[in-house]
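Peer 1: Next comes the sequence, and after it the predicted model I'd like to discuss.
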Amino acid sequence: MRAVGYRQAWQHLSGELSYDEMIERSVIATRQLAKRQMTWLRSWPELQWFDSLSETIWQDVDGCLDEESSDTPRTRKD
């Protein structure tokens, strides 16, 4: 199985890593994955970024979708 932290958890359970080492290596692996994802996403020329903490995120996303395709009906699921 491939998941962030999975390998480190098994290494800890098998005695290869201490708990603190497992946490540290899991954090490092998470940061590395995030960097790879950001690099990959930057190659998308039409990518639109949204602030996930914005009070108006749903309106922002809906407005962007309206610009892309005004004839496709959408419903928001909470």
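Peer 2: Looks like it came in fine. Since we're looking at a predicted model, the values are computed, not measured.
Peer 1: where does this structure dip in pLDDT?
Peer 2: Counting by pLDDT under 70, the ranges of the chain that qualify are 1, 70-78.
Peer 1: quick one: the strands in it?
Peer 2: When secondary structure is read from DSSP state E, the chain shows no strands.
Peer 1: Helices of that one, start to end?
Peer 2: Counting by DSSP state H, the chain has these helices, from start to end: 6-13, 19-42, 57-68.
Peer 1: can you put those helices in JSON lines and add distance to residue 48?
Peer 2: Where C-beta positions appear, they are placed from N, C-alpha and C, glycine not excepted. Compiled in JSON lines, the helices of the chain are given as follows (distance: least, Cβ to Cβ, whole Å):
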{"stretch": "helix 6-13", "distance to residue 48": "32"}
{"stretch": "helix 19-42", "distance to residue 48": "11"}
{"stretch": "helix 57-68", "distance to residue 48": "5"}
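Peer 1: Buried deepest among those, which one?
Peer 2: helix 6-13 (a mean of 15; mean count of other Cβ atoms under 10 Å).
Peer 1: what's the offset of that helix from the middle of its chain?
Peer 2: In terms of Cα atoms, centre = their mean, to the nearest Å, the gap separating the centre of helix 6-13 from the centre of its chain is 22 Å.
Peer 1: and it, C-alpha only, in PDB?
Peer 2: Taking Å, rounded to 0.1, in the frame of the first residue of the first chain, the C-alpha atoms of helix 6-13 are listed here in PDB:
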ATOM      1  CA  TYR A   6       2.100   4.100   6.100                       C
ATOM      2  CA  ARG A   7       5.700   3.000   5.600                       C
ATOM      3  CA  GLN A   8       6.800   4.800   8.700                       C
ATOM      4  CA  ALA A   9       4.100   3.300  10.800                       C
ATOM      5  CA  TRP A  10       5.100  -0.200   9.800                       C
ATOM      6  CA  GLN A  11       8.700   0.600  10.500                       C
ATOM      7  CA  HIS A  12       7.700   1.700  14.000                       C
ATOM      8  CA  LEU A  13       5.500  -1.400  14.600                       C
END
